[in-house]
Every structure is written in C-alpha cells, then in structure tokens.
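Visitor: Fold the following for me, if possible:
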Amino acid sequence: MNFTRLVKKEKLQFFMIFILIGISSIKVSAQLSSIYRQLHKGPYPVGFQSQWALDSSRPYALVPENDTILKMEARPILINIWYPAKKGKASKMEYSEYLNIETEEPYFEAFSEKLRAYNIKVIKREITEDETPESTKDLRIQQLLSLKVLAKQNLEPISEIKGLVVYHAGAGSSFEDNILLCEQLASHGYLVLGSAFQREDGASLNIDASTGSFKDFDFLINFALAQKKVSADTPLYLIGHSLGAQTIFRYIANGFGKKVRKAIFLDTTQDYHSLAFEFWSFVPVALRGLDHFTMKTLSVASPSAIFQLQDKLVQSDRTLLTIDSLGHNDFISQGILKLMFDKSPHRKEYFKRYVYLNNFIIDYLEGKDQMEKPWFNGNIEELPKNAAFNQTFNPTANIPPNARQLREFAKTEDIEKVIEVLTKFRKSHPESTIYSNTYGLAWVFELLSRNEAYEARQIHQFYSSFLGNSLDRSFKFYMKYTPNKEFVTKAEKWWSLLE
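Guide: A predicted model of the protein is given here:
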C-alpha cells in the first residue's frame, strides 16, 4: 500500500466534507435570513441576556433516573430576557449563545451544566429524524449553533416598554424553542421573559406544567417588577405552545391570571377533540375555572380544530386562528429550523405560514382592527363575549365546510344528510381537513359520548371506507396513554358500540 497516496486520499475526503458542510451551512443561513426579512420587525434592536436567580421559598433536588442526585436549598430559576434596545455597536449573536447558560457561580454551576446538556440533547432530537445517522445529527447541531440570529448582547435597554410577555415552551422542548417570535416581540417594544420551567419534583428537566410552572410565572413577573423593568401598570401577556399553552390554561383557571391582558395558546393539541375526550387533564381544571377567563384570548391550531373549550370561554373576547400545512412544532421556530435542513419542496410555503402567524401575533397584541386574512387554507373567527359560533354553511355550495361549520351542520340535520354532504365533498375536495383521521376520531367519540350510537356507527363507517382501521388504532393509542383509567373503561365501553 502506498502510504503517501492513502494520506492524500484521506486529506481529500476531509477537504470535500469540509466544503459540503460549508455549502450546507450557507444554504441554511440563507433560509433563516429570508425568514427574518419577511417578519414584520419593529423599530428597536433586540437585546438578549440570560441570568440565574433563586427562589428561596422552594427547596429543590434534581433526582433524574440513573444520574447523580443534586440537592439545592433553593430552586434555581433560569431567566432568559429579550428586550427592546437602543442602537449599539454589538454584533449579532450566534444561536449557540442562547445556550451559554453555564456559570461559575458555585451554587448554579452543576445545575447549569446539566440543563445545558439536556437542552442540547433535546435540540438534536427535535431538528433531526430518528433514523438520521448520528454523524448527520452532530453536523446539523453545529450548523444550527453557528447561525446568526437577530438578537445582540450588551445593548442598553430602552426606558419604556409596551408590555411584558412571558413565554412557556411545550413538553420535552428546549427553553429557546421559539426565539424568532421572542426576538420579533422585543423589536416591537415588548420585554419577553422565558425560563426552563423544570419539573418541581426534580424527576427530570422536562417542564413542570403545573404548580411549579405557576410559581415560576409569578417569580418571573416579580423579578421584572423588582428590577424596575416594568411597573404595576405594564400590560401582561402570556404565550405558550402545546403543554405550555395548557399550563397557561391551568394558571388562569386557578385564579393566578388576574393581571393578564391577553393569553395566546399555540396548538394545545386538545383543540381538535371534544370535551368528552378526557385525555387532557387540564380540561376539567379549565372548566372549573371558566369565570377567571376574562382576558382576551387567541387560540391557534390547524384547520381541523373544533375549539370546544374556547366556546366555553364566554367571558372572553376570543380570536380563533387556523393555519393549514403546519405540523405541531411548526407553530414555533424550532419546527421551522428543522425544516431548513429538510429537502421538502414545500418548505418555503411552510415558512410563509409561520411568518404569517408571527406577524398576526404582533398585530393581535398591538390591537390592530383589521387582521390580515389568510391567503391559504385557514380561517379567522372572532367571538366577542357571550357570543356563540355563527359561521353558517350552505350544503349546495361548491366549497366544503370548515371543521366547525360541519359539526354545527350535523347537529341539526339527519345523519343521512350529513353523510351525503361528506360524500359529495370527498369527491371534489379529498384533501380537506374534515377528512382527516383526527377529525373523524373526535367526531365519532363525541357522538358516542352523547349516546348517539347509530350516528357514530355511520360516521365511523364513512371514515373507515377510506382510512381503513386508522380511527380504531388511534383510539387504542390514546387509551394506552390516558392516565384516567376510569375514563378509559368508560370510553372503551362506548367504542365497543361500533362493533
């Protein structure tokens, strides 16, 4: 073997890999720059800083499975701060700087290292597919961490802000999972606070989503007040995604949200199902605390959402927004960043929808009278206090009903007429979300819960004609992971009526 030739070959391979990494990084960076250009940014530069604080009212111990127990006399609170700033000479941050939370302060050092490692692991999982080779996952992480973002460090904050926004991420996510929205909000004059919201019992670094998160909300708000970043009169807004959105529902329903002016729920995952489907433990909590929902609310989901819980919030001015094509994580920037690495020919359309969502949120917080109408398959529904759903559907039209229109239509028509309408639009618009597995499952289950077994069998038979046994498999999946076993027994009895 010619050793010199072998060395040259290995050097060439390394050089080619280096070139490919560089080209790929440039493409990803160009996509992010394009999104930044489409977002309606405000007049202010965006400053960012993270710091640690202690909640001395709560002792804390991190006791993850198969890991060293870390006992602490007080709960460590990570505080991520996006703020509107004065112009300065600081350069844009790299994404990696959002994760530079480690500190040499003795009390926080061990915990901060564990939290950073946990978040890196989460990000790697969220921006890659399971079957992706480990080397490719590592490459994507490096590319992501090297991206330039909008925020800058060491900028001087402006003296007056429009409002305080507290953001809560979803289950199994990382604490910076929606940086594009947080940055955009800061550019419009809002102070944005986020945290890790780690479980109060210390079983893992996943979010708490209950009383631990409630106390963290209050801690962050009091921190902003104590630091004179806001005043008692500063408008307060809460934004959450997935389980984070469910947490905000719980927080308000338990009476802690009296000062909240607007709450924004990004794809709670419950929006597509009836209230009778007791998979989501936050629903009964919300229903018991309906009187506390007096603030304005914005709920965002995919077009198959039926928003039954939002219909109960009659003391609130409600805005319901649906956006097609976005997956669950595409409602936040983490999902959009993942799409940048994918080769889907439709990803630019997904980017446009995410941009539309963020711009809509800005307009919503600003109180804009006329919101931009979706040009895609989506819908805006405004429900003032005490108002009920009022969008009618004409069965002779050439356009199929949306998810809510169809369910309302079915309440007053014979099941045979409903099947006739479904069959008609199945031929002309088979891609409509009213033909999705999730929509069919929710509908069948709601009918069963109302003792309308005959109608449930008809709807089940219709969806099974083109989805096969998909509804049954989905039902079994939900029952497997539903913690309320009394409900499981009841639900399985209802489902058996379809046989």
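
Visitor: For stretch 315-329, measure first residue to last.
Guide: Distance between the boundary residues of stretch 315-329 (C-alpha to C-alpha, to the nearest Å) amounts to 30 Å.

Visitor: repeat for stretch 34-49
Guide: First-to-last distance for stretch 34-49 - C-alpha to C-alpha - comes to 25 Å.

Visitor: ok, and for it, which residues are buried?
Guide: Buried positions in stretch 34-49, judged by neighbour count with 16 or more other C-beta atoms under 10 Å: 35, 36, 39, 41, 42, 44, 45, 46, 47, 48. Bear in mind the C-beta positions are built from the backbone N, C-alpha and C, glycine included.

Visitor: what's the domain layout of the chain?
Guide: 23-383, 403-498 (automatic domain parsing).

Visitor: If we only consider the buried residues of stretch 34-49, which is nearest to residue 67?
Guide: Checking those against residue 67 by C-beta to C-beta gives residue 48 as the nearest, at 29.9 Å.

Visitor: what about that closest one, which helix or strand?
Guide: Residue 48 belongs to strand 46-55 when assigned by DSSP states H and E.

Visitor: Residue 44 and residue 189, how far apart?
Guide: 6 Å (C-beta to C-beta, to the nearest Å).

Visitor: which neighbours do those two share?
Guide: 84, 158 (C-beta atoms under 8 Å, 6 or more residues apart in numbering).

Visitor: Need the max-distance pair from the buried residues of stretch 34-49.
Guide: 35 and 47 (20.4 Å).

Visitor: ok so, going back, what element comes up after the strand holding residue 48 heading to the C-terminus?
Guide: strand 60-62.

Visitor: same question for the next helix or strand after that following strand, mean pLDDT?
Guide: Tracing the chain C-terminally past strand 60-62 and defining elements by DSSP H and E, one meets strand 70-72 next. When pLDDT is averaged over strand 70-72, the result is 91.

Visitor: Does residue 428 touch residue 397 like I think?
Guide: No. Taking contacts as C-beta atoms under 8 Å, residue 428 lies outside contact range of residue 397: 10.8 Å.

Visitor: quick one on the thing from earlier: single out the most deeply packed of the domains of the chain.
Guide: Across the domains of the chain, averaging neighbours per residue (mean count of other C-beta atoms under 10 Å) puts domain 23-383 on top, at a mean of 18.

Visitor: Off-centre distance for that one?
Guide: Distance, stretch centre to chain centre, for domain 23-383: 7 Å (C-alpha atoms, centre = their mean, to the nearest Å).

Visitor: do the same with stretch 368-385
Guide: With C-alpha atoms, centre = their mean as the basis, stretch 368-385 stands 19 Å off its chain's centre.

Visitor: Check the separation of the first and last residues in it.
Guide: Per C-alpha to C-alpha, stretch 368-385 runs 18 Å from first to last residue.

Visitor: Give me the contacts around that stretch.
Guide: 303, 310-311, 314-325, 349, 353, 356, 359-360, 363-364, 389, 391, 402, 404, 433.

Visitor: Could you do stretch 34-46 as well?
Guide: Under C-beta under 8 Å, 6+ apart, the answer for stretch 34-46 is 82-88, 150-152, 155, 158, 180, 183-184, 186-189, 336, 351-352, 354-355, 358-359, 362.

Visitor: quick one on the thing from earlier: from the contacts of stretch 368-385, which land in helices?
Guide: For these, membership in helices holds for 310, 311, 349, 353, 356, 359, 360, 363, 364, 404, with DSSP state H as the criterion.

Visitor: quick one: the last one and residue 381, what's the gap?
Guide: As for residue 404, its distance to residue 381 is 7 Å (criterion: C-beta to C-beta).

Visitor: What of the third one?
Guide: Look at residue 349 and residue 381: by C-beta to C-beta, they are 23 Å apart.

Visitor: what do you get for the second one?
Guide: Relative to residue 381, residue 311 is positioned 10 Å away (criterion: C-beta to C-beta).

Visitor: Now the common contact residues for those two.
Guide: Contacts common to residue 311 and residue 381, judged by C-beta under 8 Å, 6+ apart, are residue 389.

Visitor: Now do stretch 382-398, average pLDDT.
Guide: pLDDT averaged over stretch 382-398 gives 91.

Visitor: Can you list the buried residues in that stretch?
Guide: By 16+ other C-beta under 10 Å, the buried positions in stretch 382-398 come out as 383, 389, 393.

Visitor: Among those residues, which ones are in strands?
Guide: residue 383 (DSSP state E).

Visitor: would you turn the buried residues of stretch 382-398 into CSV with distance to residue 121?
Guide: Conversion of those to CSV gives the following (distance: C-beta to C-beta, whole Å):
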residue, distance to residue 121
383, 41
389, 43
393, 47
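
Visitor: Among the buried residues of stretch 382-398, which one lies nearest to residue 343?
Guide: residue 393 (38.5 Å).

Visitor: Quick check: phi and psi at that closest one.
Guide: phi -130, psi 130 (degrees, to the nearest 10).

Visitor: hang on, isn't it packed against residue 403?
Guide: No. Residue 393 sits out of contact with residue 403 when judged by C-beta under 8 Å, with a separation of 10.9 Å.

Visitor: doesn't residue 165 fall inside a strand?
Guide: Yes. Per DSSP: H, G, I helix; E, B strand; the rest coil, residue 165 lies within a strand segment.

Visitor: Contact partners for it?
Guide: Going by C-beta under 8 Å, 6+ apart, residue 165 touches 182, 185, 190, 191, 192, 193, 237, 238, 239, 365.

Visitor: low-scoring pLDDT stretches of the stretch 151-300 of the chain, where are they?
Guide: Within the stretch 151-300 of the chain, no stretch falls below the threshold (pLDDT under 70).

Visitor: What are the boundaries of the strands in it?
Guide: Here the stretch 151-300 of the chain has its strands, by DSSP state E, counting those that start in this stretch, at 163-168, 190-194, 236-241, 260-266, 296-301.

Visitor: Now those in CSV, please, with extra columns for distance to residue 203.
Guide: Output for those, formatted as CSV (distance: least, C-beta to C-beta, whole Å):
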stretch, distance to residue 203
strand 163-168, 19
strand 190-194, 22
strand 236-241, 21
strand 260-266, 26
strand 296-301, 30
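
Visitor: what's the closest of these to residue 136?
Guide: strand 236-241 (26.3 Å).

Visitor: CA-only coordinates of the closest one in PDB, if you can.
Guide: This file holds the C-alpha atoms of strand 236-241, laid out as PDB (Å, rounded to 0.1, in the frame of the first residue of the first chain):
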ATOM      1  CA  LEU A 236     -49.000  41.500  30.900                       C
ATOM      2  CA  TYR A 237     -49.300  38.800  28.100                       C
ATOM      3  CA  LEU A 238     -48.800  35.100  28.300                       C
ATOM      4  CA  ILE A 239     -47.900  32.900  25.300                       C
ATOM      5  CA  GLY A 240     -47.500  29.100  25.400                       C
ATOM      6  CA  HIS A 241     -47.100  26.200  22.900                       C
END
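
Visitor: Give me the pLDDT value at the residue lying closest to residue 87 once chain neighbours are set aside.
Guide: The shortest distance from residue 87 to any non-neighbouring residue, by C-beta to C-beta, 6 or more residues apart in numbering, is to residue 45 (5.7 Å). pLDDT, residue 45: 98.

Visitor: Same question for residue 370.
Guide: pLDDT, read off for residue 370, is 77.

Visitor: what's the distance between it and residue 165?
Guide: Relative to residue 165, and taking C-beta to C-beta, residue 370 is found at 23 Å.

Visitor: This completes my enquiry, with thanks.
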